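Return atomic coordinates for the entry below.
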Amino acid sequence: MSTLRNPSDTRRWFALALIATAQFMVIMDTSIIGVALPRMQEDLGFSQENLSWVFNAYVVALGGLLLLGGRLSDLFGARRIFIAGWIILLVGSLVAGAAGSVSIELTGRALQGLGSALIAPSALTLLMMLFGGEPKQLTKAFAIYGAAAPAGGTAGVFLGGLITEYMSWPWVFYINIPIGLLVLALTPALMPAGKASKGSVDILGAITATAGIGAAVFAIVRAPEVGWGSAEVWLVLAGAVILLGIFLGLQARLKDPLMRLGIFRTPNLGAANMAQLLLGAAWIPMWFFLNLYLQQVLGYSAFPSGAALLPMTIMIMIGMIALAPRLMNRFGAKNMIVTGLAILAAGMGWLSLIRPDGSFWLDVLPASLVAALGMSLAFIPSLGTAISSARPEEGGLASGIVNTSYQLGSALGLAAMTAVAAAFGADQVGNAEALTNGFSSAFIGAAAIALAGAVLAAMTMRTPGHRTTSEPDYQTESAKG
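Below is the predicted model:
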């Protein structure tokens with residue numbers, strides 16, 4: 001990953017718009033299908049038990065292939081992999097939209113996940129190439145990139161409701177096509193070509209890493225359906241551990257591995273990835289169960305429920321774009337990560353006070369805004385530290401690792417909090433009091449995860465030299481290492 005020192009300022013901000021669009025689409029594709037699932041079930045013949053795999057097929061492919069996407073970005077150039085990812089995403093969207101059976105639908109969703117696994121790390125690598133030489137501009141770029149994620153999540157809820165209501169469910173996939181074609185048309189002119197690196201693709205490492213991570217995500221998302229005591233879950237988890245153990249053994253021995261294990265000796269890289277993992281493990285369950293509380297307890301339909309999440313989304317975007325860069329320049333990455341996670345924990349603790357006969361204005365709005373502020377303050381510093389800590393030539397790998405950390409944290413946190421919520425009554429649909437108790441317990445659990453993240457960040461992260469921004473110091477340290 002090379003850094004462009006003097007790119008056209010206008011061109012690179014247009015390029016950032018494409019990169020933010022990539023982040024927007026990757027997240028939107030996880031949320032846009034929610035409202036459409038009942039129609040898809042009716043048309044394609046999904047069983048109630050298998051319906052969740054319309055979501056899970058995407059998540060498993062995305063989580064399992066991110067490391068490979070990052071490595072390919074380093075070897076063949078970020079722009080090439082970015083383009084390849086969009087092409088695969090478009091093919092997957094066509095297949096998913098035109099599917100006439102369960103197997104074809106899941107194939108399309110898995111292809112979408114593969115495309116996103118190539119897009120996400122290469123997009124971050126391109127961002128670093130465009131802005132890596134200027135710390136203040138890089139922080140702003142990270143802020144815009146980060147704000148695209150909640151925007152994509154909320155837009156997915158809105159668009160999924162509108163498309164399903166007024167068009168038909170295949171269009172939740174077809175909507176990707178005009179956006180993707182526009183990105184493909186503009187990418188050659190706006191994105192830096194970058195340099196391909198010498199080396200080979202560690203095929204066996206890619207297979208064991210993808211299979212191991214995929215198996216772990218599979219077990220995590222399957223556990224709430226069959227129970228954590230199921231032999232199926234534990235056998236798959238055991239297989240995941242074996243596969244990942246083989247992967248680590250290969251990486252320690254190979255001359256040109258998929259993931260150089262020494263990268264984790266880079267100051268703050270491991271700590272920042274742990275912060276991202278725990279941030280995802282806390283935030284995604286909160287967003288998920290807050291949506292359920294609005295619909296199943298307060299009685300909101302899908303579209304008003306999405307509208308109720310708008311203030312939280314706006315707070316995140318303001319926090320990421322306007323607050324986080326300024327505060328990070330003044331107080332540094334470590335202080336921001338610790339403070340942000342602590343504020344997120346406080347907001348979710350407040351949300352745990354929800355009532356069966358509550359209201360949006362008293363029970364949801366103020367607490368959700370506090371949680372959103374915490375998320376916005378912690379996300380940008382932890383993401384920036386995780387990416388910029390790596391050697392320049394390993395930018396794609398670092399991007400793949402941090403994306404994997406967040407996705408795995410999200411899947412693990414949601415599965416664990418789903419089990420907690422069910423244990424305290426959230427499986428009793430129609431019983432407002434039991435549902436509220438279950439959702440409240442999930443909020444408490446998510447708050448504990450965020451608080452643990454704040455404590456770990458305080459204990460493990462270093463403060464780099466005399467600078468208040470992380471990027472140049474971390475890059476220098478990693479280069480020395």
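
Could you list which residues are in contact with the closest residue to P285 other than its chain neighbours?
In space, and not counting its chain neighbours, P285 is closest to M417: 3.7 Å by C-beta to C-beta, 6 or more residues apart in numbering. Backbone N, C-alpha and C define where each C-beta goes, glycine included. By C-beta atoms under 8 Å, 6 or more residues apart in numbering, M417 lies in contact with 285, 288-289, 442, 445-446.

what about the chain, any weak spots by pLDDT?
1-8, 34-35, 48-52, 165, 194, 302, 464-481 (pLDDT under 70).

could you point out the longest helix in it?
helix 135-166 (DSSP state H).

by contact count, what packs against that helix?
Packing partners of helix 135-166 (3 or more C-beta pairs under 8 Å, 6 or more residues apart in numbering; DSSP states H and E): helix 9-31, helix 102-131, helix 171-174, helix 302-308, helix 310-318, helix 324-331, helix 365-388, helix 471-480.

among the contacts of M417, which two are most distant?
Greatest spatial distance among the contacts of M417 (C-beta to C-beta): F288 and G445, at 12.3 Å.

which parts of stretch 90-101 are buried?
90-97, 99 (16 or more other C-beta atoms under 10 Å).

Show residues contacting it.
Contacts for stretch 90-101 (C-beta under 8 Å, 6+ apart): 44-45, 104-105, 107-115, 170-174, 176-177, 180-181.

From the chain's centroid, how far away is that stretch?
23 Å (C-alpha atoms, centre = their mean, to the nearest Å).

And stretch 248-258, by the same measure?
On C-alpha atoms, centre = their mean, the centre of stretch 248-258 falls 26 Å from that of its chain.

What lies in contact with that stretch?
By C-beta under 8 Å, 6+ apart, stretch 248-258 touches 67-68, 71, 199-202, 204-206, 208-209, 247, 259-261.

which one among the residues you listed gets closest to T125?
T125 lies nearest to R71 out of the contacts of stretch 248-258, by C-beta to C-beta, at 11.1 Å.

does that closest one really touch D202, like I thought?
Yes: between R71 and D202 there is a contact under C-beta atoms under 8 Å: 7.5 Å.

Show me which of these two is the more surrounded one.
Neighbours were tallied for R71 and for D202 using other C-beta atoms under 10 Å; the higher tally belongs to R71 (27 against 21).

For F24, see how far away the more buried one is.
24 Å (C-beta to C-beta, to the nearest Å).

Likewise for R326?
Going from R326 to F24 by C-beta to C-beta gives 24 Å.

what about those two, which has more around it?
F24 (21 against 13).

right, and the helix or strand after the one helix or strand A415 maps to?
In the assignment (DSSP states H and E), A415 maps to helix 395-421. As assigned by DSSP H and E, the chain's next helix or strand after helix 395-421 is helix 432-460.

Looking only at stretch 176-187, what residues are buried by neighbour count?
Neighbour counts over stretch 176-187 (16+ other C-beta under 10 Å) mark 176, 179-180, 183, 187 as buried.

In JSON lines: these, plus secondary structure.
Output for the buried residues of stretch 176-187, formatted as JSON lines (DSSP: H, G, I helix; E, B strand; the rest coil):
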{"residue": "N176", "secondary structure": "helix"}
{"residue": "I179", "secondary structure": "helix"}
{"residue": "G180", "secondary structure": "helix"}
{"residue": "V183", "secondary structure": "helix"}
{"residue": "T187", "secondary structure": "helix"}
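
right, and the pair among the residues you listed with maximum separation?
N176 and T187, at 15.4 Å, using C-beta to C-beta across these.

roughly how far apart are V102 and A96?
In terms of C-beta to C-beta, V102 sits 12 Å off from A96.

Thanks a lot, catch you later.
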